[in-house]
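Visitor: Take a look and give me a structure for this.
(2 chains)
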Amino acid sequence: MTITHHPTDETLMRYAAGTIGAGPAIVVGAHVSACPHCAEAVRTFEALGGAILEQTEPTALSADALAKTLARIDAEGKREASGDNHSQPIVIDGVRLPDTLKGCEIRRWRWIGPGIHMSRVGVPHDPEANLILLKVGPGRALPDHGHVGTELTYIVSGSYTDALGQFTPGDIADVDEHVEHQPIVDRDGECICLAAVEGKMRFNSLIGRMLQPIFGI
Amino acid sequence: MTNREEGESLYLTAEVLEKLLVAVATRQDRDAFGSLFGHFGPRIKTFFRRGGMSPEMAEELVQETMLRVWRKASHYDPGRAAVSTWIFTIARNLRIDFNRRQRDPSLLPSDPVDVPPSIEDELLAAERDENVRLALAKLSPEQQAIIRLSYYIEKSQTEIASELGIPLGTVKSRIRLAMNRLRAVLDEDQ
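Guide: Predicted structure coming up:
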């Protein structure tokens, strides 16, 4: 996997800070798992979080806070935190999806236009997360749209090209609302990508307008 | 740390914090735990309060954070991260979990979530900590403030702009300048 497109530092910082939102965190996490360069950046931004916590001025706790915590420690004994759950990889159309989607509800593809299928991903406990899987046929354009907030798109399989260059598996497109982009899937195969938008999407084309009710906008 | 204020006896250096946490991990040392609690508890409370959490909830989650520090102390690896960074990630994950429960009250508290993957470190933790402290200190007060806000609150730039009562363009340029300066300082040390 040759990765050429990365999230912005600001996106990586908010991911490390835990303030990015559930949908975008899944998309960024997919890239960070595949990209040692960005994983290192995330560790740096976590260290920045540690420095910020260290410099945060203290607020007095109630007088018995420590005693209460010690009582809870006594009550439960020394218990190890539960381990990771190693569940099966998620596969769709023979393509393995990022592990960051574990726990999400992956629904069936819906046809939304010639050569374009979409599946809105159910993010646990965040019904408002705008997270979608898109499957677009060779040579087809992704739905034409602008967006109000940032949009993050992770390439799962296949590739597309737009004004920003070619995007292949592992790449992420991190674009804000000023970018009106028109990705076209490369001719050698279909492209599956995972996209999260912060804020509402606005669609310009007919197919885009057909998408709006699916997004519930 | 030198030159600390008279009477501010609770300030502990990174080395001391590390020794305390190791004592909790290896000997279940309650005095060491009490010192860690005294140092981090009040800071974590501010951290949660800045994100808009009620005082009661913040207090509750401070206890929960420190309970996890006790339970997971043996997983702490001094070579990977400073104690403050490790505790920050625990508090961060609990806040993510808390925010999800706010949206879906039927959800029970769990061991969270989204811990970024562990891959071999390229930098020594101590070196990285030193770098980020230097980098943060070199930012202007406005830039520092907006970076801190990114750690405290889950808000878009538009929401931050209305919160601070400044134009969106100003928020964007402040964040961009802050990120560029951070990146420049971090890169020059490698």
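Visitor: per-residue pLDDT, residue 154?
Guide: You didn't say which chain, so I picked chain A. Looking at A:Y154, its pLDDT reads 97.
Visitor: please go with chain B instead
Guide: pLDDT, B:E154: 83.
Visitor: in what helix or strand does it lie?
Guide: Using DSSP states H and E, B:E154 sits within no helix or strand.
Visitor: residue contacts, the residue lying closest to it once chain neighbours are set aside?
Guide: Using C-beta to C-beta, 6 or more residues apart in numbering or on different chains and skipping residues adjacent in sequence, the residue nearest B:E154 is A:T19, 4.2 Å away. Quick note: C-beta positions are derived from backbone N, CA and C, even for glycine. Counting by C-beta atoms under 8 Å, 6 or more residues apart in numbering or on different chains, A:T19 touches B:S150, B:Y151, B:Y152, B:I153, B:E154, B:K155.
Visitor: repeat that with 7 Å
Guide: Contact analysis of A:T19 by C-beta atoms under 7 Å, 6 or more residues apart in numbering or on different chains lists B:S150, B:Y151, B:I153, B:E154.
Visitor: what's the helix ranked longest in chain A in contact with?
Guide: In chain A, assigned by DSSP state H, the helix with the most residues is helix A:36-55. Here helix A:36-55 makes contact (C-beta under 7 Å, 6+ apart) with A:6-7, A:9, A:12-13, A:15-17, A:31-32, B:43, B:47, B:81-82, B:84-85, B:87-89, B:92, B:116-117, B:119, B:122, B:128-129, B:132-133, B:136, B:148, B:151, B:186.
Visitor: Using ChimeraX, define a selection of the buried residues within the residues you listed.
Guide: The buried subset of these, as determined by 16 or more other C-beta atoms under 10 Å in any protein chain shown, is captured in ChimeraX by this line:
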select /A:6,7,9,12,13,15,16,17,31,32 /B:43,47,81,82,84,85,87,88,89,92,116,128,129,132,133,136,148,151,186
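Visitor: now the nearest residue to A:A163 once chain neighbours are set aside: how far from A:E151?
Guide: Excluding the flanking residues, the one nearest A:A163 by C-beta to C-beta, 6+ apart is A:H181, at 6.0 Å. Between A:H181 and A:E151 the computed distance is 9 Å (C-beta to C-beta, to the nearest Å).
Visitor: now swap in A:I92 and tell me
Guide: Distance from A:I92 to A:E151, counting by C-beta to C-beta: 21 Å.
Visitor: More neighbours: the two, which one.
Guide: Neighbours per residue (other C-beta atoms under 10 Å in any protein chain shown) separate A:I92 from A:E151, with A:E151 holding more: 24 against 17.
Visitor: Report the spatially closest residue to that one, excluding sequence-adjacent ones.
Guide: A:V197 (4.8 Å).
Visitor: Could you give the number of residues near that neighbour?
Guide: 25.
Visitor: and it, bridged to which residues?
Guide: Listed by DSSP bridges, the beta-bridge partners for A:V197 are A:N130, A:E151.
Visitor: Helices along chain A, start to end?
Guide: Along chain A, counting by DSSP H, helices occupy A:9-17, A:22-34, A:36-55, A:65-76, A:206-215.
Visitor: Appreciated, that's everything.
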